[in-house]
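Student: With the input below, show me the fold.
(one chain, ligands or ions: 1)
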Amino acid sequence: MAVLAGRLARRWCFGLLRSPTQVPALGLHAGSPTMRTSQKDFNDAVSQVKLLKEDPGNEVKLKLYALYKQATEGPCNVPKPGMLDFINKTKWDAWNALGSLSKEAARQKYVDLVSSLSTSSKSPSPETPAADRKPPEGNSLVVTSEDGITTIRLNRPTKKNALTTQMYHDIIAALQAASKDESTITVLTGSGDYYCSGNDLTNFTHLSAGGLEEMARSGEVLLRDFVDCLIDFPKPLVAVVNGPAVGISVTILGLFDVVYATDRATFHTPFSHLGQSPEGCSSYTFPKIMGSSKAAEMLLFGKKLTAQEACARGLVTEVFPDGTFQKEVWARLKAYSKLPPNALRISKQIIRKQEKEKLHAVNAEESSVLRERWLSDECMNAIASFLSRKAKL
Ligand SMILES: CCCCC/C=C/C(=O)SCCNC(=O)CCNC(=O)[C@H](O)C(C)(C)COP(=O)(O)OP(=O)(O)OC[C@H]1O[C@@H](n2cnc3c(N)ncnc32)[C@H](O)[C@@H]1OP(=O)(O)O
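Tutor: Reported below is the predicted structural model:
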């Protein structure tokens, strides 16, 4: 999924910055608004864009695209792409917004925009400072086992550890392996500044031949399997919440045995904003943990909690100062991992036994309701809006 999303994004970027090769002769002059842009100036600007050292950002790339189309083809009169064709729809919107702007004026604006970019990109530093460099994306999930602890680490820090479809499958496999390995405790945590930003919203853009219906159907099955796996997990399951948590990474916390959080963490379930509904058994566990009105504030209205608030509501076990979070938490977990593993398993089984059947039923219902939500206009519009703001153009 991540690879496809990246490809989609890159294709768009290349489409915008590299494909305009045939530009008709226009015979105008460049310069200030009173001067006119020549074909050569325009062609030069098109070539200059390809050589930009810095990514000018989505907004600028969208402007360049729209102006290029207007300058070369005139006002947008091609059919509007479908709602799910997020990227092409955003490009179409930008072009269409230029209305009846003349080709000459569009060329002039294009050349002016490129000229301002070329000036601003002549910054003195030839190398990006280390602090600004994005860490390379390696494996999206890293599983390690040490000192009696199996750690499942979400490892997409540049995407705030958003969960791709592949990652759900990989987490299921990792949990299944951990349930049988030698370790005593299993931990879920994240790399970088976020714990997890929830479901990767670009998952919705990868439609198979079965279209939207098929995407929603397979999403329902995947969600149910993923949450079932957490419900049935036989060993102590600990969340080490190293930063903000969003969506499904929050809702499943009710299925963990212990949740440790840095004081930098926040807990946010913006389902209504996304036209979606709660999952991860949170429609049952949250009211049970924090009472129905506090749960409603989170699950209906998307109230974001601080770590301290989440702790006061019982969702988090303990909050640690960020500076000592890793040291304190891992020291504690190492000590716990020396406890007799069979006693821990048996105790967990007794604690969770009464609930299991109920949790599976809740999970099945939440997954089925979400399947319908994913097909709704409310949900599609919310995702289209996120992607049009965030997609790499
Ligand atoms: C099959 C099972 C389905 C289960 C159903 C689950 C439902 C949910 O989990 S609902 C919750 C979904 N998540 C969100 O709505 C969060 C969306 N993301 C954001 O709102 C923000 O990105 C943020 C608040 C998490 C972080 O904001 P900020 O600090 O400003 O950082 P950026 O927005 O610039 O993010 C960096 C980079 O990461 C990409 N990204 C972050 N989260 C997601 C995501 N959930 N899906 C896809 N992409 C995400 C973001 O687009 C940026 O990418 P680039 O622009 O390419 O750098």
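Student: What is the neighbour count of residue 221?
Tutor: Using other Cβ atoms under 10 Å, residue 221 is surrounded by 11 other residues. Where you see a C-beta, it was placed from the backbone N, CA and C, and this is true even at glycine.
Student: Return the distance of it relative to the ligand.
Tutor: Residue 221 is 9 Å from the ligand, where distance means Cβ to the nearest ligand atom, to the nearest Å.
Student: Setting the sequence-adjacent residues aside, check what's closest to that residue.
Tutor: Nearest non-adjacent residue to residue 221, counting by Cβ to Cβ, 6 or more residues apart in numbering: residue 367, 7.9 Å away.
Student: what helix or strand does that neighbour sit in?
Tutor: Using DSSP states H and E, residue 367 maps to helix 341-374.
Student: Would you mark the buried spots in that helix?
Tutor: Neighbour-count burial for helix 341-374, counted by 16 or more other Cβ atoms under 10 Å, picks out 341, 344, 348, 352, 355, 359-360, 362-363, 366-367, 369-371, 373-374.
Student: just to revisit the earlier point, roughly how far apart are the residue nearest to residue 221 and residue 78?
Tutor: Look at residue 367 and residue 78: by Cβ to Cβ, to the nearest Å, they are 39 Å apart.
Student: residues contacting the closest residue to the ligand within the chain?
Tutor: The minimum distance from the chain to the ligand, using Cβ to the nearest ligand atom, falls at residue 247 (2.2 Å). For residue 247, the contact set (Cβ atoms under 8 Å, 6 or more residues apart in numbering) comprises 196, 197, 198, 199, 268, 269, 270, 271.
Student: out of those residues, who's near the ligand?
Tutor: Restricting those to those touching the ligand (Cβ under 6 Å from any ligand atom) yields 197, 198, 199, 270.
Student: and the last one, what pLDDT?
Tutor: At residue 270, the pLDDT value in this model is 97.
Student: Name the residues of the stretch 51-200 of the chain found near the ligand, please.
Tutor: Contacts of the stretch 51-200 of the chain with the ligand, taken as Cβ under 6 Å from any ligand atom, map to 159, 160, 162, 168, 197, 198, 199, 200.
Student: The second one touches residue 200, doesn't it?
Tutor: Just to be clear, that refers to residue 160. No - counting by Cβ atoms under 8 Å, residue 160 does not reach residue 200; the two are 9.6 Å apart.
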